[in-house]
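Undergrad: Got a predicted structure plus its sequence, pasted below:
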Amino acid sequence: MTDQIKRLKELVDGSGSIVFFGGAGVSTESGIPDFRSTGGLYHQQWKYPPEVILSHTFYESNPEEFFRFYRAKMLMPGAKPNAAHRKLAEWEAGGRLKAVITQNIDGLHQAAGSRKVLELHGSVHRNHCERCGKFYGLDDILRTEGVPRCSCGGIIKPDVVLYEEGLDQGTLEEAVRCLAAADLLIIGGTSLNVYPAAGLIRYFGGRHLVLINKSPVAQDLAADLVITDPIGETLSQV
């Protein structure tokens, strides 16, 4: 056990209220590509840049191309939770972890057993008809082709926050409450580049902050511990 892992274990063992704030790097060990690292979606060739395709304007004006990209790049139904997801669920079951705040839309935290998961950017597992509001799961979308349509004829929209769309206010408020009440915040698998999600960090006023990310984070944070190893590999040792 390295000195970093020993220190992380000390911080976790000494905390009664942990909040985990995570991003795409949490799911890369499950085979889901992130957006910004080498090999991520921003570095792949596509007819339009991902940030254009994943905008509300593009969704409205070109739904066929949106859903072609969405199915090809955003849906990974075969992905399974990795060691990071499982460890966080274990901490929650033991009463130490109070919430997972995630920028991911893959549902892997819930698949691993986590119950208190605040999904800032929504989830691919929730979809609703824009006309009648009928709910559809991920399997329903996977069985469709082209623009998915409800039985009433309306377009089925993923419950995923697109560029130009606002985050759910209730989710934001609960995230702020959890961050304000935590004594240990672990930020993992995110470079904190995406706003407004990254701005939530300022609401944490607890004693200890840990950063686990393979690349430097965008914000200048006074962390007690910085680890640049893969997060699943790191948490599995605690």
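TA: Nice, I can see it.

Undergrad: Skipping its backbone neighbours, what lies nearest the residue positioned nearest the centre of the chain in space?
TA: Among the residues of the chain, the one closest to the centroid is N104, at 1.9 Å (Cα atoms, centre = their mean). With Cβ to Cβ, 6 or more residues apart in numbering as the criterion, N104 has its nearest non-adjacent residue at 5.5 Å, and that residue is S27. The way it works is simple: take the backbone N, C-alpha and C, and place the C-beta from them, glycine included.

Undergrad: hang on, isn't the one you found packed against H109?
TA: No: look at S27 against H109 with Cβ atoms under 8 Å: they stay out of range, at 9.3 Å.

Undergrad: quick one: the strands in this structure?
TA: 18-22, 97-102, 117-119, 122-129, 135-136, 156-160, 184-188, 208-212, 225-227 (DSSP state E).

Undergrad: Mean pLDDT, distance to M1 and mean neighbour count added to these, as JSON lines?
TA: Below are those laid out as JSON lines (pLDDT from 0 to 100; distance: least, Cβ to Cβ, whole Å; neighbours: other Cβ atoms under 10 Å):
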{"stretch": "strand 18-22", "mean pLDDT": "98", "distance to M1": "20", "mean neighbour count": "27"}
{"stretch": "strand 97-102", "mean pLDDT": "98", "distance to M1": "21", "mean neighbour count": "26"}
{"stretch": "strand 117-119", "mean pLDDT": "98", "distance to M1": "29", "mean neighbour count": "23"}
{"stretch": "strand 122-129", "mean pLDDT": "98", "distance to M1": "35", "mean neighbour count": "19"}
{"stretch": "strand 135-136", "mean pLDDT": "98", "distance to M1": "46", "mean neighbour count": "16"}
{"stretch": "strand 156-160", "mean pLDDT": "98", "distance to M1": "39", "mean neighbour count": "19"}
{"stretch": "strand 184-188", "mean pLDDT": "98", "distance to M1": "18", "mean neighbour count": "26"}
{"stretch": "strand 208-212", "mean pLDDT": "97", "distance to M1": "16", "mean neighbour count": "22"}
{"stretch": "strand 225-227", "mean pLDDT": "96", "distance to M1": "13", "mean neighbour count": "18"}
